[in-house]
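[1] Here is the input, now give the coordinates:
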Amino acid sequence: MVHDYPAAVMLVDTASNQIVYVNDLARQLAPDVTLPIDVEDWSRAAGLQVAAGGELVDSATPLTQVAQGDPERGRQISAALRSQATEAREALWAIGMPLLDAPPPLRARSLLILMPVRFPTAVADVTDAAVVGRAHRSVLASGLALAISDPTAEDDPLIWVSRSFEELTGYTREEVVGRNCRLLQGDDTLPADVAHLRDGIAQEQTVSKTILNYRQDGSAFYNHVVISPVFDAEGRLTHRVGVLTDVTGQVLAARELEEAHAEADRARKAQAAAEEVGRFGRLLLVLSESLTATVTVEDVAATVSDVVARELGAAGGGLLLADATQTHLDFVSMDAMPQDTDAAWSRLTWNEDAPISLAARSRQGVFYRDHHALAKAHPSITEHADVPAMGATANVPLLLGRDVVGVIFLFWNEPHVLPTAQRAALQAAARYTAQAVQRATLIAERRTAAETLQNSLLTRLPEPDHLELRARYVPAATEEHVGGDWYDAITLPDGATTLVIGDVTGHDMTAAAHMGQLRGLLRAFAFDREEPPADIVNRLDRALLGLHIDGLATLVLARIEQTEDDAQAGLRRLRWTNAGHLPPVLLLADGTTRVLDTEPEMLIGLAPDSPRSNHSEALPPGSTLLLYTDGLVEHRGRSITDGVDDLRQVLTGAKDLPLEELLDRVVDELVGDSPDDDCAMLAVRAHRQDRPRPAEAGPNRSA
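    Numbering: from 1, shown residues only. The predicted model follows:
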């Protein structure tokens, strides 16, 4: 009901007419108040108005009366501020629900609910609960994590907890009733927080605190607890009511923000003018956060050019990187450079008479207040740069130890002397940038090495008589992601063609290396003797165990063969075994598709003695067989089953295309420009044998 829709919820002590608890949406409507607070004071703080526009506190039924359930069906109001769920002055339905059928201590409480009128079903549900089914009110209350204790008994034990309390803490009602709520405390609960709550309890006042608590399973969570006393008609304390809220996400987010600010502070203190750099802390914070998302050197350059120039008010600039021999500096990015300057400065020599080169040689920042100072220091610069178009300039080297990685260049439209704090901020930004460039370079080197290894293992396909083979390998968009997907095809001495598609677990150099070992062994076993595919895979599995080659893989090993009778009938025969891999798909000439699904069998490397089966299927003339890895059909938001169905539809629509174009269509439709995972495909088209080999199938050869 109310928990399924955005509602501001408050708990009101009807005896004192005070709000003792608000949920997050209610807090957003009156963010500056401190609980407990008088109901009408909260109404003023939230700027509540009636539908006609007057203040709610001045109306015939102010919020206090609404909280007491009058009018019973509630009334329409609006609030001055927006929340995450509502806009400012959006129509809200306010309804009060005295918890008359709740446990005795809660009977002096009332739920006050503000819900957007644009959700009429929810408003109707809540209204019905208020008017028709008062028993539903305790259900609404149980949506709050509530606990009631008895301060008149020894050690103030809990006597009742709501269902949401059980869900939040992991304790059942039977486990906590009769025990003090300190059972939620643990070794890392701060004594000062406990003392704060105890002081408020001792003074018989409403008290709140965010405190580290522990669930029944030992897991920690940050609990914002509000404890309010309940008095009888004579003013004697009879119970305490606690409302618990899990605020772990907010606390951790605030802590991460504090740590980010602390990192920016440490960077500023490292500068000669540490106290001034505080004004440019945002630059370092934004830059450090932005650089964490960069992967390539180009990403780093674009981020630095954008963030540094924007935060320091520069008109433009760019990033230059030094070559390995430190003889040249090349611009990776140039943003808003003056006319003709970008072309002239796209590459600078180390010893050139230019401020950028000087910054690299000297390993120090080079700054000029205007173009006159720049031209005086570097007379030859005016020959190939539009210097008068620039005001102040800054050139800061990127240093890793004694090595110069590159230079950040910035220019402003107006002349000015860069203050010490601004220079310090630039130098700190240069250190961040140098580390990001180093990380991006290492990522590129690792990926290049892995891709080189992987590509060296991807087979040059054979072109046996009247069989056309084509393949695709599409790497994942993530630069550090290198997979173990592979395909293979060889022509055997008996004239049969063996096909392999496989996927080694993992996405790194180890996976690529393991893939190479599997590929080599499988090639040797397939070529070694004529035997069914399942027997070859069994030999491979035993060899992996004996050779201590760790890792898991899925694969399909297939063999296309043809007897004399098959040749006379114009048919070929596919025999295959499947080791935990996705099933091949067969596209017939008329556009019909069949998934060659079989009973699932064990992955490679898991159970060498597990039984494996051979399967057989006819390959009619004009049919196309597609083997593929999961990167083709499994994506975020789409199941494998849906992915295979999509693949079949694409194949049917592309049945008349040449095989090369068919694979292009499959990649475009199912993979796109930013694949989540590596994807390998191996396609075989069985051309008619009563005609010459088609030209698009390539020359007849074996590999």
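
[2] what's the first-to-last distance across stretch 162-179?
    In stretch 162-179, first residue to last residue: 15 Å (C-alpha to C-alpha, to the nearest Å).

[3] Sorry, wrong one. I was asking about stretch 242-255.
    Counting by C-alpha to C-alpha, you get 26 Å between the two ends of stretch 242-255.

[4] Other residues contacting that stretch?
    For stretch 242-255, contacts defined as C-beta atoms under 8 Å, 6 or more residues apart in numbering pick out 11, 20-21, 23, 144-149, 165, 168-169, 181, 210, 221-228. No exception for glycine: its C-beta is placed from N, CA and C like everyone else's.

[5] Of those residues, which belong to helices?
    Of those, the ones assigned to helices by DSSP state H are 165, 168, 169.

[6] Buried only: go through the contacts of stretch 242-255 for me.
    Among the contacts of stretch 242-255, those classed as buried by 16 or more other C-beta atoms under 10 Å are 11, 20-21, 23, 144-149, 165, 168-169, 181, 221-228.

[7] So which of these sit within strands?
    Filtering the buried ones among the contacts of stretch 242-255 for membership in strands, criterion DSSP state E, returns 11, 20-21, 145-149, 221-228.

[8] which one of the residues you listed sits closest to residue 516?
    residue 221 (47.0 Å; C-beta to C-beta).

[9] who's in contact with the closest one?
    168, 212, 213, 214, 215, 246, 248.

[10] any idea which element the second one lies in?
    Under the assignment given by DSSP states H and E, the secondary-structure element containing residue 212 is strand 207-214.

[11] And for residue 330?
    Going by DSSP H and E, residue 330 is in strand 328-335.

[12] I'd like the mean pLDDT over that strand, please.
    Averaged across strand 328-335, pLDDT comes to 74.

[13] Tell me what residue 682 is bridged to.
    residue 471, residue 627 (DSSP bridges).

[14] I should have written residue 109 there, sorry.
    residue 13.

[15] show me what contacts it?
    Taking C-beta under 8 Å, 6+ apart as the test, what residue 109 contacts is 11, 12, 13, 14, 20, 98, 99, 102, 141, 241.

[16] Would you confirm that the fifth one contacts residue 229?
    No: the pair residue 20 / residue 229 is not scored as a contact, 9.7 Å apart, by C-beta atoms under 8 Å.

[17] All the helices of the stretch 601-703 of the chain, in order from the start?
    640-653, 659-666 (DSSP state H, counting those that start in this stretch).

[18] could those go into JSON lines alongside distance to residue 356, mean pLDDT and mean neighbour count?
    JSON lines is the format used below for the helices of the stretch 601-703 of the chain (distance: least, C-beta to C-beta, whole Å; pLDDT from 0 to 100; neighbours: other C-beta atoms under 10 Å):
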{"stretch": "helix 640-653", "distance to residue 356": "50", "mean pLDDT": "95", "mean neighbour count": "16"}
{"stretch": "helix 659-666", "distance to residue 356": "44", "mean pLDDT": "95", "mean neighbour count": "17"}
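
[19] Between the two ends of stretch 230-239, how far is it?
    5 Å.

[20] any low-confidence regions in the stretch 451-600 of the chain?
    Within the stretch 451-600 of the chain, the stretches with pLDDT under 70 are 451-459, 477-483, 507-509.

[21] how does it look with 80?
    451-459, 465, 475-483, 506-513 (pLDDT under 80).

[22] What is the neighbour count of residue 606?
    13 (other C-beta atoms under 10 Å).

[23] what separates it from residue 247, distance-wise?
    Going from residue 606 to residue 247 by C-beta to C-beta, to the nearest Å gives 44 Å.

[24] before we move on, what about residue 174?
    Where residue 247 is concerned, residue 174 sits at a distance of 27 Å (C-beta to C-beta).

[25] Look at these two and report which has more neighbours.
    Neighbour count, other C-beta under 10 Å: between residue 174 and residue 247, residue 247 has more, with 17 against 8.

[26] wait, what's in contact with the nearest residue to residue 679 once chain neighbours are set aside?
    Spatial nearest neighbour of residue 679, excluding adjacent residues (C-beta to C-beta, 6 or more residues apart in numbering): residue 631 at 3.4 Å. Residues in contact with residue 631 (C-beta under 8 Å, 6+ apart) are 474, 476, 483, 485, 671, 675, 676, 677, 678, 679, 680.

[27] residue ranges for the helices of the stretch 151-300 of the chain, please.
    According to DSSP H, counting those that start in this stretch, the helices that the stretch 151-300 of the chain contains are 163-169, 173-176, 191-202, 248-269, 274-277, 281-291, 297-312.
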